[in-house]
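A.B. asks: quick one, fold the following:
(2 chains)
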Amino acid sequence: MNILSLFPAIPLIMMLGLWVSRNTRQIHAVMVTGASALLVLAVWLVLHYLGLRAGGAEGEMLLTDSFMWYAPLNIHYSVGVDGISVAMLLLSAIIVFTGTFASWQMKTDVKEFFMWFCLLSVGVFGFFISIDLFTMFMFYEVALIPMYLLIGVWGSGRKEYSAMKLTLMLMGGSALLLIGILGIYFGSGATTMNILEIAQMHNIPMNLQRIWFPIIFIGFGVLGALFPFHTWSPDGHASAPTAVSMLHAGVLMKLGGYGCFRVAMYLLPEAAQELSWIFIILTTISVVYGAFSACVQTDLKYINAYSSVSHCGLVLFAILMMNATAATGAVLQMLSHGLMTALFFALIGMIYGRTHTRDIRELSGLMRIMPFLSVCYVIAGLANLGLPGLSGFVAEMTIFNGAFMNNDTFHRVVTIIACTSIVITAVYILRLIGKILYGTCTNPEHLKLTDATWDEKLAVVVLIIAIAGLGLAPMWMSDMIHGSVTSVIANILN
Amino acid sequence: MDFSGILIYMRPEIALMAAIVIAFLYDLIAGSKARKFFNPLMCMVMLACVAACVISFPREPGEIFGGMFSYEPVHSVLKCILAIGTLIVFLQADKWLGREDTEFKRGEFYVLTLSTLLGMYFMISAGHFLMFFIGMELASVPMACLVAFDKYRHNSAEAGAKFILSALFASGLMLYGISFLYGTCGTLYFSDMPAHLDGSALQVMALVFFFAGLGFKISLVPFHLWTADTYQGAPTAVTSYLSVISKGSAAFVLMAVLVKVFAPMVEQWQTILWVLIVLSITVANLFAVRQQNLKRFLAFSSISQAGYIMLAVISGTPFGMTSLIFYVLIYLAANLAAFGVISTVEQNSDGKVSMADYNGLYRTNPKLAVVMTLALFSLAGIPPFAGFFSKFFVFASAFDEGFHVLVFIALINTVISLYYYLLVVKAMFINPNNSPIAAFRSDCSTRISLVLCLAGVLLLGIVSSVYDGINLFSFGM
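C.D. replies: The predicted model follows:
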């Protein structure tokens, strides 16, 4: 069995383990064992991948494997990884690990919660290792549907509305994807569903590409919070329970960016070049609009959700710039945003669990009451606004550098517009930190609250280490990504 | 005359006839003690029928009765699927049939059900329009008795009346159409007709009437008006039989006749079907959103599912036929699981079938709620459940023939259908309820049937060999 298949297999085994476990203790044991195994596996995979590349391994994808599944449609279960997917797998494993600890205090229906959570991770891991269109799409949908129950049952606020809205919008996106995938398959001569082979054949007629590229890009773009299809995101994130927000904003939204890059642009390159301007405009709007919207929100989760719209918009913005530097930045941004937004949502969940409010007008002076959580919140905020030394800076710097390399006026103007989001981000982050962490606490009830417990500290510290690690030593990660991105971009431009 | 062909090609029909005789005789002679074993006996007999369909079935097409009965290997596959479905219906019907006011007519239920199944078998293997018509009548008339089985309860009698009136009207139309065909072609043998079909006005009329007749059986919009009332009024076991077995066989027959007989008029029937599909899927989905009674709800859902099945028919290719049979198989598993849950809840809670009654079902009967959820996810086409695969294949088969816009409309509709399927899931898992359906333990045969269905929902998609097996025998234009 291929080592990559372990990624979806471990969460499946965890589901079985959860099914037979009888009390919270056993459930936690299963989750911690499984999540640690995934994390170890992901770290091992990064090292192994770097070792293979250093040893001179050629080929776009490594560790590939393929089984015939449905012969009449040439559907295979095909797996393989390149630098981009290795990075994404590492990110997912970190988020699953920390998400487990962030929901340590969960009381109601713990078993069911973690079972759906595991199903969600099966989908996420499966998506990143797949190189067959059908299998990839299948895992994509597997990752979407558990969201409905996770938000609907364990969420807060207007959870039923948000859950339904999120599920239907994302499923609408995936309906577009399905027809797009059929379009690619039959357009390329109906001989293979393998992404690499389709890219190599490079024979989809231009008139078909013009139809399928926007459809697939929007299909994935819905999940990547592309303006104007982002409206599920703020409601969904605000209502979701902590671990789900973390996984969703941290990893699931990356599925959108990854899919746009790996399927829409890679397989339909001519249309991507011709039509990219439309989506560049839309993503620029996402970036700036998301940032401005975050400024006027009063709910902590809404602020972070709009900030996610802005940052995920930047991911799509960067891949549309079609050069290796910007695309490397896009992947770095996926990593960086995944980590810091997960950190944000974890902290918001912890604060909410204590104060029972997320309204910033009712919060103040938390620094004195819960110093650990507050300091971590400041770190997350600084990473978000791109402070050098943390991951956000590395990613955004690379993106804007790459974007400015395009030497026509259109690209430069939109780059400058998108750059303003950095300033706006600083505005809402600093204002928020000043408001809720500093000053004097006005609510006497809040004075009795306690600081983080050990499980919360563990979750937060792991994330901060990852963020700082990526910020201080981005070279090895960025080299790994750059190598793979270059070959994809070369394929798009040829 | 050579009778050896009968034993080779008609084995499923012979087995079924034997089953009918067994049911009839057992009903006649069994004492009150022996009647307790009636249901297990019939399930065993159905198993034998399944075996008769699949064990060393002929792999080559053949004809008997001078071409009245024409056999294709794919028929055996389909008949086997229908027999399995009937077996599951029998398992689910046990508790309902054991009720005081139905116990004494238990035998009738089996005889009538098997008769309709026999009619469908003849319809499937017909090689001549008269044979086809007789099969269709045999499948409809006893069905009306089944629908009205609970005649003193609910709206069963009303449903039976509605069903028989619409069924007869549809048959009349169909017969009228067949007479046009005879007038223009001079023959009713399927194999001889294509040479005489040229798309003249009379033949187009015949095609339209033919569609009306079968559209009624498949309950395509606009021939669906009987569906909701009949589904609601009929006993739940009969409803599930009607929604799966009857619909599945009619869908296959439609495809087989269109491909075999109406091949020269492909443009006409593809146009008709295009409109019918869009109407069926869209109208049924919009109506399903507003339903409060779960049986009505599943009635509209089954109309839209029929629309999806028609996507495979419109392609007219062997790939389309494989997709169609595969879709019917998976639809059978998922729909029977859903109806099984509804049926057992209805029997154990004094007839509760409205969606509001299901609020909070997960708190009291978690297993049933999970079965229902998985079945609905499969119907909605969510992976990794089997429904996703079957939907993908019907979409692919229609897309392959260039029906891009049609597939797009159908895909948009899957989102709408997801919405109403999620409403039921929401009721069971999220909505609070002060007086939920009390916890109960369903009877043994229902549990067996649900496990069978669940295995189908979980495995049929992932294990591709089923699909490959069907694919070996499919035919098309």
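A.B. asks: mind listing what the residue in chain B positioned nearest to chain A touches?
C.D. replies: Going by CB to the nearest CB, chain A is nearest to residue B:411 of chain B, at 4.0 Å. C-betas here are computed from N, CA, C, even on glycine. For residue B:411, the residues meeting the contact criterion (CB atoms under 8 Å, 6 or more residues apart in numbering or on different chains) are A:175-176, A:178-179, B:395.
A.B. asks: same check, this time on residue A:345
C.D. replies: Residues in contact with residue A:345 (CB under 8 Å, 6+ apart) are A:237, A:242, A:245-246, A:249-250, A:301, A:304.
A.B. asks: what pLDDT does residue B:476 get?
C.D. replies: According to the prediction, residue B:476 has pLDDT 73.
A.B. asks: that one touches residue B:320, doesn't it?
C.D. replies: Yes. With contact defined as CB atoms under 8 Å, residue B:476 reaches residue B:320; the gap is 6.1 Å.
A.B. asks: these two: which has the busier surroundings?
C.D. replies: More crowded of residue B:476 and residue B:320, by other CB atoms under 10 Å in any protein chain shown: residue B:320, with 26 against 19.
A.B. asks: and residue 41, how many neighbours?
C.D. replies: All of this is about chain A. Counted with other CB under 10 Å, the burial measure for residue A:41 works out to 19 neighbours.
A.B. asks: let me rephrase: I mean chain B.
C.D. replies: Burial of residue B:41, expressed as a neighbour count using other CB under 10 Å, amounts to 17.
A.B. asks: hmm, it is touching residue B:26, no?
C.D. replies: Yes. Checked against CB under 8 Å, the pair residue B:41 and residue B:26 is within contact range at 6.5 Å.
A.B. asks: where's residue 456, which helix or strand?
C.D. replies: Using chain A here. helix A:454-472 (DSSP states H and E).
A.B. asks: switch to chain B, that's the one I care about
C.D. replies: helix B:444-459.
A.B. asks: just residue B:271 next, same as before
C.D. replies: helix B:266-289.
A.B. asks: export that helix to CSV, keeping only CA atoms.
C.D. replies: Backbone C-alpha positions of helix B:266-289 (Å, rounded to 0.1, in the frame of the first residue of the first chain) are rendered in CSV as follows:
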residue,chain,number,x,y,z
VAL,B,266,-34.0,9.4,-32.2
GLU,B,267,-34.3,13.1,-32.7
GLN,B,268,-37.9,13.2,-31.9
TRP,B,269,-37.7,11.2,-28.7
GLN,B,270,-34.6,12.9,-27.5
THR,B,271,-36.5,16.3,-27.8
ILE,B,272,-39.5,15.0,-25.9
LEU,B,273,-37.3,13.4,-23.3
TRP,B,274,-35.3,16.6,-22.9
VAL,B,275,-38.4,18.6,-22.0
LEU,B,276,-39.7,15.8,-19.7
ILE,B,277,-36.4,15.6,-17.8
VAL,B,278,-36.2,19.3,-17.2
LEU,B,279,-39.9,19.4,-16.1
SER,B,280,-39.6,16.3,-13.9
ILE,B,281,-36.6,17.3,-12.1
THR,B,282,-37.4,21.0,-11.6
VAL,B,283,-41.1,20.7,-10.8
ALA,B,284,-40.7,17.8,-8.5
ASN,B,285,-37.9,19.4,-6.6
LEU,B,286,-39.9,22.6,-6.1
PHE,B,287,-42.9,20.7,-4.8
ALA,B,288,-40.8,18.5,-2.6
VAL,B,289,-39.5,21.5,-0.7
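A.B. asks: ok, it near chain A or not?
C.D. replies: No. Using CB under 8 Å from any CB of the partner chain, helix B:266-289 never reaches chain A; the gap is at least 12.1 Å.
A.B. asks: so after that helix, what's the next helix or strand?
C.D. replies: Along the chain past helix B:266-289, the next helix or strand (assigned with DSSP H and E) turns out to be helix B:294-315.
A.B. asks: now for that next one, which elements pack on it?
C.D. replies: Here helix B:294-315 is seen to pack against helix B:201-218, helix B:227-233, helix B:236-241, helix B:247-260, helix B:266-289, helix B:318-348, helix B:386-400, helix B:404-429 when contacts are counted using 3 or more CB pairs under 8 Å, 6 or more residues apart in numbering or on different chains; DSSP states H and E.
A.B. asks: what's the local residue count around residue 339?
C.D. replies: Because you didn't say which chain, this covers chain A. Residue A:339 has 31 neighbouring residues, counting by other CB under 10 Å.
A.B. asks: wait, chain B was what I had in mind.
C.D. replies: Residue neighbour count, defined by other CB under 10 Å, stands at 29 for residue B:339.
A.B. asks: swap in the one 5 residues further on?
C.D. replies: Look at residue B:344: counted by other CB under 10 Å, it has 25 neighbours.
A.B. asks: and it, how far is that from residue B:408?
C.D. replies: In this structure, residue B:344 and residue B:408 are separated by 39 Å, where distance is defined by CB to CB, to the nearest Å.
A.B. asks: likewise for residue B:79?
C.D. replies: When distances are taken as CB to CB, residue B:79 and residue B:408 turn out to be 35 Å apart.
A.B. asks: so what's residue 232 up against?
C.D. replies: Just so you know, I chose chain A. The contact partners of residue A:232, by CB under 8 Å, 6+ apart, come to A:162, A:165-166, A:169-170, A:222.
A.B. asks: you answered for a different chain; I wanted chain B.
C.D. replies: Shown here is residue B:232, whose contacts under the criterion CB under 8 Å, 6+ apart are B:155, B:159, B:239, B:293, B:295-296, B:299.
A.B. asks: please redo it, this time with the cut-off set to 10 Å
C.D. replies: With CB atoms under 10 Å, 6 or more residues apart in numbering or on different chains as the criterion, the residues that contact residue B:232 are B:154-156, B:158-159, B:239, B:291, B:293-299, B:353.
A.B. asks: now do residue A:492, the pLDDT please.
C.D. replies: Looking at residue A:492, its pLDDT is 84.
A.B. asks: in terms of helices and strands, where is it?
C.D. replies: helix A:475-493.
A.B. asks: just give me how far that helix sits from the chain centre.
C.D. replies: On the basis of CA atoms, centre = their mean, to the nearest Å, helix A:475-493 is displaced by 19 Å from the centre of the chain it belongs to.
A.B. asks: now do the buried residues in that helix.
C.D. replies: Taking 16 or more other CB atoms under 10 Å in any protein chain shown as the neighbour-count basis, helix A:475-493 is seen to contain the buried residues A:477-478, A:480-489, A:491-492.
A.B. asks: repeat for stretch A:327-335
C.D. replies: A:327-335.
A.B. asks: next, the residue sitting furthest away from the middle of chain B: secondary structure please.
C.D. replies: In chain B, counting by CA atoms, centre = their mean, residue B:434 sits farthest out from the average C-alpha position, at 36.9 Å. Per DSSP: H, G, I helix; E, B strand; the rest coil, the secondary structure class of residue B:434 is coil.
A.B. asks: good, we can wrap up now.
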